[in-house]
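Trainee: Could you look at this predicted model? Sequence included:
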Amino acid sequence: MFALFSYFLYCILPLPLAAYPNRVPAGHAGVPGETNPPCTSCHTVTLNSASGSVALAFDGGNVYRPGQAQQVTVRITDADTSRVFGFQATVRTSANAQGGAFTAGTNTTVTTQGTLAYINQTRSAATYTFTWTPPATASGTLRFYVAGLAARGARDSRVYTATYDLTPEGTVPSLRTENPAVLAAGFRPVISSGAWMSLFGANLAPSTRTWDAATEIADGSLPRALDGVSVTVNGRAAAIHYISPTQLNVQAPDDDATGIVEVKVTTREGSATGTVERARYSPGLFALEESNVRYASAVLSDGTRAGSPSSLRPLRAGEVISLFGTGFGETEPAMAAGIVVTAPASLGDLSQLQVRVGGLEAKLLWAGLVSAGLFQINIEIPALAAGDHAVVAERSGVATQDNVYLSIAQ
């Protein structure tokens, strides 16, 4: 790091900074990898001591509007106010390219090094202002680098560094205030280990897509990030299946915690946090809406969809169907969240699960995990009259959501 700032210190004679305007060579704002030959025979540098600091303030806050100029203020502080002050700043894209243009203000000037631009002091001052114009189009997060100098001759030079990340206005992610995270089946605000959950908000992702199973599921593990979007629940990474600007679908990670926990969405533009309740079980049935009625996602043994008015074949009492849900808890053998399920894992003791259709208990034939976070429940429909009948599944006393139906024919 010494080499990075050695030429920051007007290297020929220990004269006041004002006597050598523009003496700071380009490339000494603290950007990683930018170095010039050290001048250790001339200068002694103390880097980021507790004696002071350098800071930037942006009149638009830590966001930018593409192509719209804003004023930037540099403030250098040091316990010894008699020192000579100076600074250098630059701004870069995530690809380390120049991030916009500088217009010099009082006691400042612009220098360049190839395609890169830097703003520097021309005279000593504790405060400087200049104008920065971001790129004409949103360029993701832009990082400002600044190095401030407080010198007393060449042999006592204090250098302070800082970085600031600015994001395009309107692209920082946010989660909705009420129930930002819910169970994906039924949308109730409670989740459990391995359950699929949905998060709702704005600017949650730069694109809309699901994972590419061929390229993004590796070594049996589901992806923890898509297009720079990741989610943690109680500090643990969640597998992520679907992203869009307004909704994310992720699998809750394994965790023994119960109660209210933090959920955090991180994108290239920033992060947003909310809360959700964690429980041991959070069962929910997947359903489809038809004519303002929610019908359980159900199929017959041959895979034919059944149980709703639009089904390819009517559902009758005595038939065997499969229901699908999430959040039903542990299986035998245990299946970790975020891992590809290669063989079905049974719920184990089927007495822990009851399914009622139209208030009558259905015969339970099998239940278990058939895919990551996805439970299949095989039941025989009880003797019921034609019409829509509510279906409820209950794991260890915890029931699925209300108002889910199966349509039974004569």
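Mentor: The structure has been received and is ready for your questions. Numbering: from 1, shown residues only.
Trainee: can you pull the contacts of the most centrally placed residue in the chain?
Mentor: The chain has Thr266 as the residue nearest its centroid, 1.5 Å off, counting by CA atoms, centre = their mean. The contact partners of Thr266, taken as CB atoms under 8 Å, 6 or more residues apart in numbering, are 173, 229-232. C-betas here are computed from N, CA, C, even on glycine.
Trainee: Same question for Arg176.
Mentor: 200-201, 274.
Trainee: how close does it get to Ala126?
Mentor: Going from Arg176 to Ala126 by CB to CB, to the nearest Å gives 44 Å.
Trainee: Of the contacts of Thr266, which is the nearest to Thr246?
Mentor: Pro173 (10.5 Å; CB to CB).
Trainee: Return the member of the contacts of Arg176 nearest to Glu290.
Mentor: Using CB to CB, Phe200 comes nearest to Glu290 of the contacts of Arg176, at 23.0 Å.
Trainee: OK, contacts around the residue nearest to Thr81 when sequence neighbours are not counted?
Mentor: Counting by CB to CB, 6 or more residues apart in numbering, Ala126 is the residue found nearest to Thr81 once chain neighbours are left out, at 7.7 Å. By CB under 8 Å, 6+ apart, the contact list for Ala126 reads 75-77, 81, 85.
Trainee: if we can go back for a sec, tabulate the contacts of Thr266 in a markdown table, adding columns for neighbour count.
Mentor: Formatted as a markdown table, the contacts of Thr266 follow (neighbours: other CB atoms under 10 Å):
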| residue | neighbour count |
| --- | --- |
| Pro173 | 24 |
| Val229 | 21 |
| Ser230 | 18 |
| Val231 | 26 |
| Thr232 | 19 |
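Trainee: Closest one to Thr90 out of those residues, please.
Mentor: Pro173 (26.8 Å).
Trainee: any idea how far that closest one is from Val263?
Mentor: Pro173 is 12 Å from Val263, by CB to CB.
Trainee: Gly318 too?
Mentor: Distance from Gly318 to Val263, by CB to CB: 43 Å.
Trainee: quick one, which of the two is more surrounded?
Mentor: Each of Gly318 and Val263 has its neighbours counted (other CB atoms under 10 Å); Val263 has more, 24 against 10.
Trainee: The more buried one against Asn179, yeah?
Mentor: No. Counting by CB atoms under 8 Å, Val263 does not reach Asn179; the two are 10.9 Å apart.
Trainee: Find the residues that touch each one of these two.
Mentor: Counting by CB under 8 Å, 6+ apart, nothing touches both Val263 and Asn179.
Trainee: quick revisit: ok, now how distant is the residue nearest to Thr81 from Ser322?
Mentor: 72 Å.
Trainee: can you check Val159 too?
Mentor: 67 Å.
Trainee: again with Ser244
Mentor: Applying CB to CB to Ser244 and Ser322 gives a distance of 28 Å.
Trainee: Three-state assignment for Ala214, please.
Mentor: Secondary structure, DSSP: H, G, I helix; E, B strand; the rest coil: Ala214 is helix.
Trainee: per-residue pLDDT, it?
Mentor: If you check Ala214, the pLDDT there is 94.
Trainee: ditto for Gln410
Mentor: For Gln410, pLDDT reads 69.
Trainee: For Val320, the count of nearby residues, please.
Mentor: 14.
Trainee: Quick check: chain neighbours aside, which residue is closest to it?
Mentor: In space, Val320 is closest to Glu380, 5.3 Å off (CB to CB, 6+ apart).
Trainee: Identify the residues contacting that neighbour.
Mentor: By CB under 8 Å, 6+ apart, the contact set of Glu380 is 318-320, 362-363, 365.
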